[in-house]
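**Student:** For reference, the sequence and a predicted model appear below.
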There are 2 protein chains.
Amino acid sequence: MNAGPNVPEREAPMAGWEQNHETAGMPQTSIEDLLKAVYGLEAAKKRPSTKAVADVLGVQMASVTGMVKNLAAEGLLEHVPYHGFELTAKGRELALRMLRRHRLIELFLIQTLGLGWDEVHADAEVMEHAVSDQLVERIYAYLGKPEFDPHGSPIPDSDGAVAARSGVPIAHLAAGDEGIVSEVEDEDPEFLRYLSSLGIKIGSSLRVMAKDPYGGLVRLRMGRRRISMGTEAAERVRVARSHV
Amino acid sequence: MNAGPNVPEREAPMAGWEQNHETAGMPQTSIEDLLKAVYGLEAAKKRPSTKAVADVLGVQMASVTGMVKNLAAEGLLEHVPYHGFELTAKGRELALRMLRRHRLIELFLIQTLGLGWDEVHADAEVMEHAVSDQLVERIYAYLGKPEFDPHGSPIPDSDGAVAARSGVPIAHLAAGDEGIVSEVEDEDPEFLRYLSSLGIKIGSSLRVMAKDPYGGLVRLRMGRRRISMGTEAAERVRVARSHV
DNA sequence: TTCTAAAATTAGGATTGTTGAATTTTATTG
DNA sequence: CAATAAAATTCAACAATCCTAATTTTAGAA
């Protein structure tokens, strides 16, 4: 039974509205997005050119050049003017941290609120830049230390280690190959709804019936359903092969 | 079984990192915070002066003046230079919308992740500015259309209607009065931990034993525990009186 | 009424991330 | 090797939000 008087006596007339953000040290959203974009391009074996990054982020090339200079000054990117840039170890670490946050948050929203895989991307995108590490780790524990997100993508661990990408794109299979959908490498809601309309989800079994070299189509069978998929789409859906 | 080719063919080498924020139309964090601060002061019957708002937000007065001019131009505040400002109906609506978001998000984090009432404020603060209306309404449904947040504060409904504040501050009770803790009007984590250490939570029954006019203390009994509380703290804890 | 201190505002500057309009560099092609 | 198109960069300008340092206004005390 002790003191009352030594309570923090702040001015606080009403619940839920005091603040003082403490944004200190926290990198900006744009910075984090740029690093993720560079990481994504590197992971896809594409050169992270100014133009490619600008397209991903939806900004002008001049903006990318400007940010790249800032990030290079902070040691997150290595930049040789006119010859490109790449992540430093520190930059990659930060990019993976954001990826971990994004994937855990998506999984959390889907599992608790029953949202669809096509509905959570935008919210996860803003939350990943905003919430505390504590909250993210709490989510991780709550979800039972998951290894994959709702799209089948591996969740980097807190040290930044990330499992190798699973499976191969459907587009790389030959007629007769069978497999189980292991990952969808795109979070565009429209694309995800398209896949859902075909009955495709993580874990679906499918078999390649034929590859049509002219129309750019892949013909598949899923159970007793036959579907066609454009080559571009088939590049973005990965399967773990059951037969080779 | 239909088309594959008419899928959205975007460039998307890897899952979870594309974007393009669509911040359009969404008011800025600072704007929303300022409106909340003004609402909070008005609700506490304090004049929302430039200085008071600056203190709440932790910025300089000049910044407040600048933002107030912007908000007045947008019709969210009514401003008479050198004589103060107040919320317009539109401004109040937006402030209440943010309060609803904040309280629902806090409740959600506490209920799903088992966080303490002292741990969620900062995360709720950033999330309330960031997440979609859809997500918030989903949380509302998931929580079973709650009326009060974890601190006992009423959650404004989606039309901006808010229940009258319940109870009275402990400081306003007289010796011998009894009541049940209905609301804590402060989200400072340190203060909330202090209350927890005293065993006080929403729903706790207590009785005022004595009010000490010199030391600024209120002596209480909770069950068989006797505690003292500073006047400032006693102003921030409200109880529903069981005896008058 | 006059003085003064507090409150509020204005002015000017820094930062960050944008853009559009040059300009420079690179790589390719003839 | 020159011409040219694409990619990258620089530059000037803008918007937002913050700051510090004046300056102006108000309100209360003498």
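**Tutor:** Everything's here; your move.
**Student:** Kindly report the residues of chain A close to DNA strand C.
**Tutor:** A:28, A:30-31, A:58-60, A:62-63, A:66-67, A:70, A:82-83 (C-beta under 7 Å from any atom of the strand). Heads up, the C-betas are built off the backbone N, CA and C, glycines and all.
**Student:** If any of the residues you listed are buried, give me the ChimeraX selection for them.
**Tutor:** Per 16 or more other C-beta atoms under 10 Å in any protein chain shown, the buried members of the residues of chain A next to DNA strand C correspond to this ChimeraX selection:
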select /A:30,31,59,63,67
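**Student:** which of the residues of chain A next to DNA strand C lies closest to B:V208?
**Tutor:** A:Q28 (50.2 Å; C-beta to C-beta).
**Student:** picking that back up, is it possible to export the residues of chain A next to DNA strand C to CSV including pLDDT?
**Tutor:** Compiled in CSV, the residues of chain A next to DNA strand C are given as follows (pLDDT from 0 to 100):
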residue, pLDDT
A:Q28, 72
A:S30, 84
A:I31, 87
A:G58, 93
A:V59, 94
A:Q60, 95
A:A62, 96
A:S63, 95
A:G66, 94
A:M67, 94
A:N70, 91
A:Y82, 95
A:H83, 95
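**Student:** Take the residues of chain A next to DNA strand C and keep only those in helices.
**Tutor:** If you go by DSSP state H, these have A:S30, A:I31, A:A62, A:S63, A:G66, A:M67, A:N70 in helices.
**Student:** ok, back up a step: quick one: which of the residues of chain A next to DNA strand C is nearest to chain B?
**Tutor:** For the residues of chain A next to DNA strand C, the residue nearest chain B by C-beta to the nearest C-beta is A:G58; the value is 3.9 Å.
**Student:** near chain B at all, the host helix or strand of A:E78?
**Tutor:** Element membership for A:E78, per DSSP states H and E: strand A:77-79. No. Under the criterion of C-beta under 8 Å from any C-beta of the partner chain, chain B is not reached by strand A:77-79; the shortest gap measures 15.8 Å.
**Student:** Tell me which other helices or strands that strand touches.
**Tutor:** Under the contact definition 3 or more C-beta pairs under 8 Å, 6 or more residues apart in numbering or on different chains; DSSP states H and E, strand A:77-79 sits against helix A:61-73, strand A:85-87.
**Student:** Would you format those as JSON lines with distance to DNA strand D included?
**Tutor:** What follows is these, written out as JSON lines (distance: least, C-beta to the nearest atom of the strand, whole Å):
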{"stretch": "helix A:61-73", "distance to DNA strand D": "3"}
{"stretch": "strand A:85-87", "distance to DNA strand D": "7"}
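**Student:** mind checking which of those is nearest B:A122?
**Tutor:** Per C-beta to C-beta, nearest to B:A122 of the helices and strands packed on strand A:77-79: helix A:61-73, 26.5 Å.
**Student:** other SSEs contacting the closest one?
**Tutor:** Packed on helix A:61-73, when contacts are counted by 3+ C-beta pairs under 8 Å, 6+ apart, are helix A:29-43, helix A:50-57, strand A:77-79.
**Student:** what angle separates the second one from helix A:29-43?
**Tutor:** Helix A:50-57 runs at 120 degrees relative to helix A:29-43, counting by axes from the mean of the first three to the mean of the last three C-alpha atoms, to 10 degrees.
**Student:** Great, nothing more from me.
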